[in-house]
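In: below are the sequence and a predicted model; questions follow.
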Amino acid sequence: MTHALRTKTALAALAGISVVGTLAGCSAASADAAGSGSGTSGGTTTATSNAAYKDGTYSAPGTYVSPGGQEDIKVTLTLSKNIITAMKVVTVKADPTARAYEQQFEGGIAGVTVGKNINSLNIGVVAGSSLTSLGFNQALATIKANAKS
């Protein structure tokens, strides 16, 4: 085999390995983002905290940055023995594109949070909205701090 042919064969083999590795990495990330990866269920990631929170209704703002700029949401939830019994997210300020995603998020968030222990929540993609969860998780952290027993 000539030197040029061996070089081309080696490069082709390396390129194949790179593509396979890249595709495998994408598959795992896609599965986690879709809520079917390890430790993920319906947009939530299981946390290990056993903190206790006071029963009541709590609200907090959350912000995140979209391609259109800073977006603001308000999260209101009701807790009973660390279980979320009611959940509402409303848009405070959003550009038109972000508003559509936030409305999808607002329509799907109760389904993945109500009936769940607040300690187990870390919301990812909900109803096709991936950035709104950043503001939601920020608001959730504030609510947890305010509701600590």
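Out: Everything's here; your move.

In: which stretches in this protein count as strands?
Out: 40-41, 44-45, 56-66, 69-80, 83-93 (DSSP state E).

In: could you dump the ones you listed to TSV with mean pLDDT?
Out: As requested, these are exported to TSV (pLDDT from 0 to 100):
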stretch	mean pLDDT
strand 40-41	34
strand 44-45	45
strand 56-66	96
strand 69-80	96
strand 83-93	94
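
In: can you redo those strands as a markdown table with distance to Ile109 and mean neighbour count?
Out: To be clear about C-beta, it is placed using only N, CA and C from the backbone, and glycine gets the same treatment. Below are these laid out as a markdown table (distance: least, CB to CB, whole Å; neighbours: other CB atoms under 10 Å):
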| stretch | distance to Ile109 | mean neighbour count |
| --- | --- | --- |
| strand 40-41 | 14 | 16 |
| strand 44-45 | 10 | 18 |
| strand 56-66 | 12 | 16 |
| strand 69-80 | 9 | 18 |
| strand 83-93 | 5 | 16 |
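
In: can I get these in CSV including distance to Ser129?
Out: Converted to CSV, the strands of the chain look like this (distance: least, CB to CB, whole Å):
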stretch, distance to Ser129
strand 40-41, 16
strand 44-45, 14
strand 56-66, 10
strand 69-80, 11
strand 83-93, 10
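
In: select, out of the ones you listed, the one closest to Lys144.
Out: Nearest to Lys144 among the strands of the chain is strand 56-66; the distance by CB to CB comes to 8.8 Å.

In: now do the same for Lys35: its pLDDT.
Out: Residue 35: Gly, not Lys. In this model, Gly35 is scored at 34, pLDDT.

In: kindly report the same for Asn50.
Out: 84.

In: can I assume it is in contact with Asn117?
Out: No - assessed by CB atoms under 8 Å, Asn50 is found out of contact with Asn117, at 9.2 Å.

In: between these two, which one's more packed in?
Out: Asn117 (17 against 8; other CB atoms under 10 Å).

In: now do the more buried one against Gly108, distance only.
Out: Distance, Asn117 to Gly108, using CB to CB, to the nearest Å: 19 Å.

In: kindly report the same for Thr85.
Out: In terms of CB to CB, Thr85 sits 18 Å off from Gly108.
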